[in-house]
Each structure stands twice: as structure tokens, then as C-alpha cells.
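*Asks:* Below is the sequence, then the predicted model.
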Amino acid sequence: TDVFYRRIRLYEPIVDSFLNRVANEVFSDSGVHLLVPLKDSLQGFEIHVKQCLECLPGLLTNDADILALLITEKDEAEQQGLQLDPSRHIDVELLLEEYGRQLSNILFEINYMLQRLQSKQDFVTLALSAYRNRMIRMNLYMSISGLSLGIGTASAGFFGMNLVNGLE
């Protein structure tokens, strides 16, 4: 769990830096292309933590496996020719439950970072959609004004060139 916590602490500044950069430069592509590898890496880490977390319930239900984890006490009991006390599995069980709680906390932190990245991606998508809509609206206004000008120019050209008005 210490390794997982250190890895989480490495991801936090990377995610924060990415989110700040994207917030400041919404319409540039300076950091948006880093989103996919960052999300993939976090999701791979999430899968690894989930696999570790899924191993614990199977281990906690098997008392023989829990007693096998008491390596030092098992060796001492074998040297003395005694059997290992089955009630000793409670210590290991508590330790494994604590590891399960810590892994759950790590999983929550990973999910929180993934949700932050997803919400920033949604924000960028909305901002780019709004920008694209403004560009489409401007294109529409330019087309309407060009069409209006074209109709006026065509009618003036037609009537100006082909009508007899007496000033020729």
C-alpha cells in the first residue's frame, strides 16, 4: 500500500498541472493531447489496485492461508515441535482488513482524479462546441450578407446594362 500511496502522490501534481494548463489554454492544443495517456495510465493503475483488492476476500475466508502468512511464528513452532495456534490468524486478518481499507482509499483517490480529468474533458468539449457554434454563426451571417449583396449587385447590373433610360 505504501507503493500505491507513493504512486498516487506522483500522479497528483501531474493531474493538477494538466488541469491548470488546460483551464488556461482552452482553445489551444498544447496539453489536450496528453489527456489520453494520462487517463490510460490512471486506469491501468486503477485496474492493478482493484486486482489487489479482489485478492483479499478470498484470502480472508481461508484460515489455512492466513496461518501460512505467519511465517516466523510457524518456523518457531516447527522448531519447537509444536502446532501453530489457530487463534493467531486474527492478527493477520486484522492486518489484511486494514490493507483492504487502505486499498479502497487509494481506489477512491484514483476515481476522484479520473473524474476530475473527465469533467475537464467535458468542459473543453463544451468550450470548443461553443467556439465552433460562434464560428458557424459568423459564417452564416457572412453568407447572408454576401447573398444580399450579390442579389443587389446582380439586379443593379442587369437593369443598369439592359434598360433604355434616355441617357445613352
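*Replies:* That came in fine, so what should we check first?
*Asks:* Specify the local secondary structure of the spatially most central residue of the chain.
*Replies:* In the chain, the C-alpha nearest the mean C-alpha coordinate belongs to L114, at 3.2 Å (C-alpha atoms, centre = their mean). Following DSSP: H, G, I helix; E, B strand; the rest coil, we place L114 in the helix state.
*Asks:* For the closest residue to it other than its chain neighbours, which residues are in contact?
*Replies:* What sits nearest to L114 in space, not counting adjacent residues and going by C-beta to C-beta, 6 or more residues apart in numbering, is L42, at 5.5 Å. No exception for glycine: its C-beta is placed from N, CA and C like everyone else's. Listed by C-beta atoms under 8 Å, 6 or more residues apart in numbering, the contact partners of L42 are Y11, V15, I110, M113, L114, L117.
*Asks:* would you turn the residues you listed into TSV with distance to V124 and pLDDT?
*Replies:* Converted to TSV, these look like this (distance: C-beta to C-beta, whole Å; pLDDT from 0 to 100):
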residue	distance to V124	pLDDT
Y11	20	93
V15	15	90
I110	21	95
M113	17	94
L114	16	94
L117	11	90
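*Asks:* Please report how far the residue nearest to the centre of the chain lies from Y5.
*Replies:* 17 Å (C-beta to C-beta, to the nearest Å).
*Asks:* so F4 makes contact with L103?
*Replies:* Yes: proximity of F4 to L103 meets the contact threshold set by C-beta atoms under 8 Å, at 7.1 Å.
*Asks:* Identify the contacts common to the two.
*Replies:* Common neighbours of F4 and L103, using C-beta under 8 Å, 6+ apart, are V49, C52.
*Asks:* For this protein, which residues score under the pLDDT cut-off?
*Replies:* Per-residue confidence for the chain (pLDDT under 70) gives these ranges: 26-32, 71-72, 75, 84, 160-168.
*Asks:* which residues does the closest residue to L19 other than its chain neighbours contact?
*Replies:* Nearest-residue entry for L19: K120, 5.3 Å, with adjacent residues in sequence omitted and distances by C-beta to C-beta, 6+ apart. Residues in contact with K120 (C-beta under 8 Å, 6+ apart) are F18, L19, V22, A23.
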